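[1] Everything below, folded, please.
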Amino acid sequence: MPPPPIAPDGPGRLPYYSAAPSAYGDPGAYPAANPYGWPGMQPAPSNGLGTAALVCGILAAVGFLLWPIALVLGILGIIFGAIGRGKAKRGEATNPGMALAGLICGSVGIVLVVGFWAVVIALIN
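    The predicted structure is shown next:
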């Protein structure tokens, strides 16, 4: 199929563009893009420390009879919870509740380990 015939004064403008000149230069040109460009994506929240604090804190509180492991996990739960709360306050994370729960569970785990050892020492004496 041959192409459509060309008008005597040239191909002309496409019918869906206006003939009025635009404010940005060429009449009938595409409208100008956003002068500020694409805003881009927001960075994903880094919720890893709050989640790690909660997991470590729960494991420390539940497994306090395995006292060396529970002591280390309780300390890690407190550290990760404190850092996770700081990130949530700065807006880098979206789970301040999980970080706080990890901090509390880690503290409870350490208290249970110390209480367990107080009972063991009291029973030995």
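
[2] Where does pLDDT dip in this protein?
    Applying pLDDT under 70 to the chain flags residues 4-5, 7-40.

[3] Show me what counts as buried in the helix or strand that contains Val111.
    Element membership for Val111 (DSSP states H and E) is helix 96-124. For helix 96-124, the neighbour count (16 or more other C-beta atoms under 10 Å) marks 96, 98-110, 112-113 as buried. For the C-beta atoms, the positions are set from N, CA and C on the backbone; glycine is no exception.

[4] Between those, which sits nearest Ile78?
    Distance to Ile78, by C-beta to C-beta, is smallest for Gly106 among the buried residues of helix 96-124, at 4.3 Å.

[5] Next, work out how far apart the closest one and Ala44 are.
    From Gly106 over to Ala44 the distance is 25 Å, taken as C-beta to C-beta, to the nearest Å.

[6] so Phe116 makes contact with Leu65?
    Yes: judged on C-beta atoms under 8 Å, Phe116 makes contact with Leu65 at a distance of 6.8 Å.

[7] Please name the nearest non-neighbouring residue to the residue nearest in space to the middle of the chain.
    Nearest to the geometric centre of the chain sits Pro45, at 1.0 Å (C-alpha atoms, centre = their mean). Of all residues not flanking Pro45 in the chain, Thr94 sits nearest, at 4.4 Å (C-beta to C-beta, 6 or more residues apart in numbering).

[8] What values do phi and psi take at that neighbour?
    Dihedral angles phi and psi of Thr94 (degrees, to the nearest 10) take the values phi -120, psi 20.

[9] Surely it and Lys87 touch.
    No: in this structure, Thr94 is not within contact of Lys87 by C-beta under 8 Å, at 9.5 Å.

[10] Counting neighbours, go ahead and name the busier of the two.
    Using other C-beta atoms under 10 Å as the criterion, Thr94 and Lys87 rank with Lys87 on top: 20 against 14.
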